[in-house]
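[1] no FASTA, just this:
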């Protein structure tokens, strides 16, 4: 099938139209479409256009309530909570965003938890957005269980990423860390299960808790945590904040983020925002010196460096996507495309 | 050399007397001695009596100002900062503790940063203490640089641990996570350098950035991060909070925690405290269900499980320590022991 060229504006319009076509309210569709653009812009294709048919399908099947209006509360001066009401994560996060920033600037630190939520896309983009507002962002999101505790066989936590965004002095982010608790992304295992290519030893375990190179066996078992029990510890920290503190459904009880079965996953997120000026006037100088000590070394780059490089190129060039995928997306775009 | 038996009360008295003998003010000595007892009680001997001669020597040589009086500020409702003034970390943390708890309870979340600080001992004990006060504790501390960025050779961050403490419903901690960013503790490499035993491949790199099994070469190079670049990412998050946000000296610029050279390290810590009730009434139920899903699996335990098992035994039995070590400690205890 042929490839088509799209500008990032084309991507945003297509995603918006597909999501509204599927039944999402316009503000929710726009919010999710912005995240699709950011993912394509940074070369993170797994969370770009590829995900749009899944999002749209989930609205159609009721796994996401496309009409849900999130409800924001501020129970304490530094505590913002958002009930996403089984809608998309992105509009729920948007709904609480200004309250989170206000609370962090007033108090030096604040947190926003989101529950009855869904897949929030590329976590690092939320951390970067906090950094662009001049604050440090610590972000946590969980996912249906795929990692077992050390010594165990049954997945208890998801690949549970955390992300950190640190402001520079010019309205951007100096550093963005965004990493999951697993050795590799689960999507890589799923891709190899389709192609039949073996996975590397150390990526995943079979249902018996043994190392496997068979992707099909891996999908019946569990993902290996990065750094062994320490990766599980990182993912557990994320679970405690994104699921337990938010009051969301635990990873072990959540319905899958893929497929149409199981109803809304009702997972959660936690975002902590910190105003550096509330703590130390030396913050930006220290971040600059730390960054420089990393980038001065040949062969290294800051976390997020590859995404930045992609961004510079893709903002200029746009993206290509295969017509089959685009036609699947267009199928949701009634009346515009049908 | 013979071993001697000590109760935990004996440990506390001995550590207190050695530190006051070395020149620490009584409150500072008592605070550090309490941390020594907790380390011995949990079987973490590297941070117990073994460390007391180092602490005392650092007071004597001026690497720690034993008379320093920490200064606490609260610049925002949720922002507590402590200048440890090149004294011990423990009394500086104690000085800001109540303000941190008050701020977290009032605002739902608060943070305390400590600068001009020092080695804070077992980080998990601080996280557990926050949990015992009914709050979630997220704790971060950095250390003189020993981990290089992925692809680099020059250490930029320390073994930089994080710790998480989660309250149970009975005034204790349900879960305590406490883990460094490196594959193994640097003390293990130093021990093997003394005994001449090879280290395992994957623990450390030589000065050229190559895997080595020679502990002496490893000490000239860098510690391997747990999970590769993801371990570096975790340590970098810690550096950003414990060093940059606090305004402390960066890991790469800090004097060593061992030996008498280089003056005060003036490193830092960051402690975030969160009141679960400010966010979700479901928190404790979720933590209970999550813990049960881990411990129900044969061969697993919660993070911190080994320390808990040691604690139950050592509180009953006390500890043994070799007379040579005890005599070195007693050497600082004038006039009590000399």
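    That came through fine. A quick note: this is a predicted structure, and the numbers were derived from the prediction, not measured. Residues are numbered from 1 along each chain as shown, chains lettered A, B, ... in the order given.
[2] now residue A:51, nearest residue through space, not along the chain?
    Once flanking residues are discounted, residue A:51 sits nearest to residue A:36: 7.0 Å by C-beta to C-beta, 6 or more residues apart in numbering or on different chains. (Each C-beta comes from the backbone N, C-alpha and C, glycine too.)
[3] And that neighbour, how close does it get to chain B?
    When C-beta to the nearest C-beta, to the nearest Å is the yardstick, residue A:36 and chain B sit 25 Å from each other.
[4] likewise residue A:85?
    Distance, residue A:85 to chain B, using C-beta to the nearest C-beta: 15 Å.
[5] From residue A:117, how far off is that residue?
    Remark: distance between residue A:85 and residue A:117 (C-beta to C-beta, to the nearest Å) = 9 Å.
[6] Now list whatever residues contact both of these two.
    Residues touching both residue A:85 and residue A:117 (C-beta atoms under 8 Å, 6 or more residues apart in numbering or on different chains) are residue A:92.
[7] Which one of the two is surrounded by more residues?
    The neighbour comparison of residue A:85 against residue A:117 (other C-beta atoms under 10 Å in any protein chain shown) goes to residue A:117, with 31 against 17.
[8] and the more buried one, what is it in contact with?
    Taking C-beta under 8 Å, 6+ apart, we find residue A:117 in contact with A:82, A:84, A:89, A:92, A:246, A:248, A:266-269.
[9] Which ones among those residues lie within helices?
    Members of the contacts of residue A:117 lying in helices (criterion: DSSP state H): A:89, A:92.
[10] of the contacts of residue A:117, closest to residue A:57?
    residue A:89 (16.3 Å; C-beta to C-beta).
[11] nearest spatial neighbour of the closest one, skipping sequence neighbours?
    Leaving out its chain neighbours, the residue that sits closest to residue A:89 by C-beta to C-beta, 6+ apart is residue A:120, at 3.8 Å.
[12] Report pLDDT for residue A:1.
    You'll see residue A:1 listed with a pLDDT of 64.
[13] Next, the contact list for the residue nearest to residue A:89, please.
    When the contact criterion is C-beta under 8 Å, 6+ apart, the partners of residue A:120 are A:35, A:89-90, A:93, A:114, A:126, A:141, A:269.
[14] quick one, phi/psi of it?
    Per-residue torsions, residue A:120: phi -100, psi 20 (degrees, to the nearest 10).
[15] Against residue A:271, how distant is it?
    Applying C-beta to C-beta, the value for residue A:120 to residue A:271 is 10 Å.
[16] Which of the three states applies to residue A:65?
    Under DSSP: H, G, I helix; E, B strand; the rest coil, residue A:65 falls in the coil class.
[17] Let me know the outermost residue of chain A.
    Most distant residue from the mean C-alpha position of chain A: residue A:281, 31.4 Å away (C-alpha atoms, centre = their mean).
[18] quick one: that residue and residue B:247 touch, right?
    Yes - counting by C-beta atoms under 8 Å, residue B:247 is a contact partner of residue A:281 at 7.0 Å.
[19] which element follows the helix or strand bottoming out on mean pLDDT in chain A toward the C-terminus?
    None of the helices or strands of chain A scores lower by mean pLDDT, DSSP states H and E than helix A:186-195, at a mean of 90. Downstream of helix A:186-195, the first helix or strand assigned by DSSP states H and E is strand A:204-205.
[20] Surely residue A:27 and residue A:88 touch.
    No - contact criterion C-beta under 8 Å: residue A:27 and residue A:88 do not qualify, at 9.9 Å.
[21] and those two? which has more neighbours close in?
    Between residue A:27 and residue A:88, residue A:88 has the larger neighbour count (other C-beta under 10 Å), namely 31 against 15.
[22] Okay, strands next: where are they in chain A?
    Here chain A has its strands, by DSSP state E, at A:3-6, A:71-76, A:79-83, A:109-117, A:136-141, A:162-167, A:173-179, A:204-205, A:222-223, A:267-274, A:319-322.
[23] Any chance of JSON lines for those, columns distance to residue A:44?
    Below are the strands of chain A laid out as JSON lines (distance: least, C-beta to C-beta, whole Å):
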{"stretch": "strand A:3-6", "distance to residue A:44": "16"}
{"stretch": "strand A:71-76", "distance to residue A:44": "28"}
{"stretch": "strand A:79-83", "distance to residue A:44": "24"}
{"stretch": "strand A:109-117", "distance to residue A:44": "20"}
{"stretch": "strand A:136-141", "distance to residue A:44": "15"}
{"stretch": "strand A:162-167", "distance to residue A:44": "13"}
{"stretch": "strand A:173-179", "distance to residue A:44": "9"}
{"stretch": "strand A:204-205", "distance to residue A:44": "21"}
{"stretch": "strand A:222-223", "distance to residue A:44": "19"}
{"stretch": "strand A:267-274", "distance to residue A:44": "18"}
{"stretch": "strand A:319-322", "distance to residue A:44": "11"}
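[24] Would you mind telling me which of the ones you listed is nearest residue B:206?
    Among the strands of chain A, strand A:173-179 comes nearest to residue B:206, with 26.3 Å by C-beta to C-beta.
[25] how far out from the middle of the chain is stretch A:208-222?
    Its chain's C-alpha centre and that of stretch A:208-222 lie 25 Å apart, by C-alpha atoms, centre = their mean, to the nearest Å.
[26] meant to ask about stretch A:14-31, not that
    The chain centroid and the centroid of stretch A:14-31 are separated by 19 Å under C-alpha atoms, centre = their mean.
[27] for stretch A:90-110, same thing?
    Averaging C-alpha positions (C-alpha atoms, centre = their mean) puts stretch A:90-110 18 Å from its chain's average.
[28] That'll do, ta.
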